[in-house]
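Novice: My questions concern the predicted model and sequence given below.
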Amino acid sequence: MNTHAPKAAATPAATIRPWTARSLLFVPGDSPRKLEKALAGEADLIILDLEDSVAESAKPAAREHVAGALAEQGERAKPLWVRINPMDTAHALTDLVAIVKHRPDGIMLPKATPDETRLLGHYLTALEAAAGLEAESIRLIVVATETAPALFRLGDYAGVPRLDALTWGAEDLAAAFGAAANRDAQGNLLEPFALARTLCLAGASAAGIAPIETIDPNFRDEERMDRTAQAARTLGFRGMMCIHPAQIGPTNRAFTPSDEDLEWARRIVALFEENPDAGALQLDGEMVDIPHLKQARGLLAQAGE
Ligand code: COA
Ligand code: MG
């Protein structure tokens with residue numbers, strides 16, 4: 001691949017279903033204060049969490065708060081999603097019954113497998129019908145790498161109804177492995193967790209849906225966040241999950257195609273339009289061929305062109 005082209009050269013092909021949320025901000029479901037801040041902030045999408053950021057004793061109150069917040073936000077400035085508890089816990093159905101009638105834009109399923117994601121889809125179909133909502137209006141994102149068995153199923157998400165994006169997590173996987181750490185002292189992922197990330201990218205690509213980068217737990221270092229988000233975008237991730245407002249600016253910047261990238265893409269598309277019978281051409285002394293054209297079109301599609 002042409003390493004001299006602008007960042008756009010690393011943008012994935014246009015075959016990924018459209019996805020627009022660059023920054024996905026977690027808000028613990030039992031924190032009205034943080035939700036208020038999140039609603040007023042710049043995150044593209046908010047994930048109200050009922051799972052790991054909520055203590056067992058606080059689950060009922062969190063569920064009630066999240067249901068109330070969804071009901072209150074009938075007209076939404078940005079999508080409100082809910083991370084429910086895993087399907088093999090008693091909480092999952094209680095979460096769904098409490099929230100679906102208030103029309104969350106989507107559900108994030110943690111510790112997921114493809115089979116559980118399909119099962120969740122069936123539950124949603126029943127609950128949407130009961131609430132008089134349009135079928136399949138509630139979308140899904142899964143956290144696809146949080147258990148050891150799940151790692152072996154990353155290629156099986158193609159065709160799963162409602163599924164718009166795949167993301168991954170290193171914290172629960174470390175616990176599953178009994179690993180003492182998932183990153184080195186510089187914050188770089190250790191090998192098994194880098195593999196999980198790659199499998200997420202490949203699995204999302206195989207399913208034609210958006211791969212979303214996991215959280216960076218270190219929210220004080222803005223420069224590191226810039227680097228992490230840029231690196232994710234270079235690999236083809238379409239957005240990144242955030243846990244703190246300080247992470248949103250760097251994330252939105254990284255996942256917004258730059259003017260330089262868009263200009264590069266327009267020039268490639270124009271070049272191939274001028275030479276409709278050519279497979280390989282040159283631009284500024286560099287070979288460009290069909291994969292570059294696909295990348296350029298994908299980039300312009302992301303920018304709405
Ligand atoms: N969403 C919205 N606002 C947030 C926020 C979030 N995720 N995290 C922090 N804030 C707000 C705080 O309320 C605070 O505002 P305030 O002083 O006006 O109340 C401001 O940002 C600065 O917060 P700070 O003091 O730096 O951090 P903290 O100690 O309050 O919170 C965490 C640190 C990690 C507990 C918090 O960021 C958090 O809860 N993150 C989400 C955790 C989560 O959902 N995890 C599950 C997914 S991995
Ligand atoms: Mg977790």
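Specialist: Received it, and whenever you're ready, just let me know what you need. Numbers count the residues shown, from 1 in each chain. Ligands and ions are numbered 1, 2, ... in the order given.
Novice: can you count the residues close to the residue in the chain that ligand 2 sits nearest to?
Specialist: Residue nearest to ligand 2 within the chain (Cβ to the ion): residue 52, separated by 3.8 Å. All C-beta atoms are positioned from the backbone trio N, CA, C, and that covers glycine. For residue 52, the count of nearby residues is 17 (other Cβ atoms under 10 Å).
Novice: That one is in contact with residue 110, isn't it?
Specialist: Yes: at 7.3 Å, residue 52 counts as touching residue 110 under the criterion of Cβ atoms under 8 Å.
Novice: give the contact list for the most centrally placed residue in the chain.
Specialist: Centroid-nearest residue in the chain, with Cα atoms, centre = their mean: residue 212, separated by 3.1 Å. Residue 212 is in contact with 24, 141, 165, 166, 167, 204, 237, 238, 239, 240, 241, counting by Cβ atoms under 8 Å, 6 or more residues apart in numbering.
Novice: for residue 99, same thing?
Specialist: Per Cβ under 8 Å, 6+ apart, neighbours of residue 99: 63, 66, 67, 70, 82, 84.
Novice: what about 6 Å?
Specialist: By Cβ atoms under 6 Å, 6 or more residues apart in numbering, the contact list for residue 99 reads 67, 82.
Novice: starting at the chain centroid, how far to the helix or strand hosting it?
Specialist: Per DSSP states H and E, residue 99 falls inside helix 91-99. Distance of helix 91-99 from its chain centroid, counting by Cα atoms, centre = their mean, to the nearest Å, is 22 Å.
Novice: Show residues contacting whatever helix or strand comes next after that helix.
Specialist: Per DSSP H and E, the first helix or strand lying C-terminal to helix 91-99 is strand 106-109. Residues outside strand 106-109 that contact it (Cβ under 6 Å, 6+ apart): 47, 81, 82, 83, 84, 120, 139, 140, 141, 142.
Novice: Where does pLDDT dip in the stretch 1-150 of the chain?
Specialist: 1-14 (pLDDT under 70).
Novice: What residues does it have near ligand 1?
Specialist: Residues of the stretch 1-150 of the chain lying near ligand 1 by Cβ under 6 Å from any ligand atom: 25, 26, 27, 28, 33, 34, 37, 38, 49, 52, 53.
Novice: Only the buried residues of the strand or helix carrying residue 122, if you could.
Specialist: Using DSSP H and E, residue 122 falls within helix 114-131. Under the neighbour-count criterion of 16 or more other Cβ atoms under 10 Å, helix 114-131 has 114, 116, 117, 120, 121, 123, 124, 127, 128 buried.
Novice: How about stretch 136-143?
Specialist: For stretch 136-143, by 16+ other Cβ under 10 Å, it's 138, 139, 140, 141, 142, 143.
Novice: CSV for these, including distance to ligand 2 and secondary structure?
Specialist: Converted to CSV, those look like this (distance: Cβ to the ion, whole Å; DSSP: H, G, I helix; E, B strand; the rest coil):
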residue, distance to ligand 2, secondary structure
138, 21, coil
139, 20, strand
140, 17, strand
141, 14, strand
142, 13, strand
143, 7, strand
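Novice: Name the nearest of those residues relative to residue 156.
Specialist: Closest to residue 156 out of the buried residues of stretch 136-143 is residue 142 (11.2 Å), distances taken as Cβ to Cβ.
Novice: Can you tell me how far the nearest residue to the closest one once chain neighbours are set aside is from ligand 1?
Specialist: Spatially, and ignoring its direct neighbours in sequence, residue 142 is nearest to residue 112 (3.8 Å; Cβ to Cβ, 6 or more residues apart in numbering). As for residue 112, its distance to ligand 1 is 15 Å (criterion: Cβ to the nearest ligand atom, to the nearest Å).
Novice: if we can go back for a sec, check the residues of the stretch 1-150 of the chain next to ligand 1 for burial and list the buried ones.
Specialist: The neighbour count (16+ other Cβ under 10 Å) marks 25, 26, 27, 28, 34, 38, 49, 52, 53 as buried among these.
Novice: Out of these, flag the one nearest to residue 289.
Specialist: Among those, and counting by Cβ to Cβ, the member closest to residue 289 is residue 25, at 38.9 Å.
Novice: May I have the secondary structure class of that closest one?
Specialist: strand (DSSP: H, G, I helix; E, B strand; the rest coil).
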